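S.K.: Attaching a predicted model along with its sequence, questions to come.
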Amino acid sequence: MFNPFSILVIVLAGMSVGIADGLIKKSIVPGSFWLTLKNPWMIIVVALYLSQIILFVYMFTHNWKL
């Protein structure tokens, strides 16, 4: 059955991955892995990836029909 909450959670998880991927590309410092990790954008990237992981774990632990 159609559940607006589940659709919203799936869309939010997808958006967080897309935004995090874009921010990773923006934060890359060519030739320096350490400077890339120290970039302030990486805090947002990690937070977005963690939110996506939490959302998908929630979906799978509650046996949603994806």
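M.R.: Ah, there it is. Numbering: from 1, shown residues only.

S.K.: Give me the contact list for stretch 55-62.
M.R.: For stretch 55-62, the surrounding residues in contact (CB atoms under 8 Å, 6 or more residues apart in numbering) are 6, 9-10, 12-13, 16, 66. For glycine as for every other residue, the C-beta is placed from the backbone atoms N, C-alpha and C.

S.K.: measure Ser32 to Lys38 for me?
M.R.: 9 Å (CB to CB, to the nearest Å).

S.K.: Pro4 now?
M.R.: Applying CB to CB, the value for Pro4 to Lys38 is 40 Å.

S.K.: Between the two, tell me which one has more neighbours.
M.R.: When Pro4 and Lys38 are compared for neighbours, Lys38 comes out ahead with 11 against 7, by other CB atoms under 10 Å.

S.K.: Report pLDDT for the more buried one.
M.R.: Predicted confidence (pLDDT) at Lys38: the value is 89.

S.K.: From Ser51, how far off is it?
M.R.: Separation of Lys38 from Ser51 (CB to CB): 22 Å.

S.K.: Asp21 now?
M.R.: Asp21 is 14 Å from Ser51, by CB to CB.

S.K.: who has more neighbours, those two?
M.R.: Ser51 (16 against 13).

S.K.: With adjacent residues omitted, what lies nearest to the more buried one?
M.R.: Ser16 (5.2 Å; CB to CB, 6 or more residues apart in numbering).

S.K.: hang on, the earlier thing: which of the contacts of stretch 55-62 lies closest to Ser27?
M.R.: Of all these, Ser27 sits closest to Ser16, with 15.9 Å by CB to CB.
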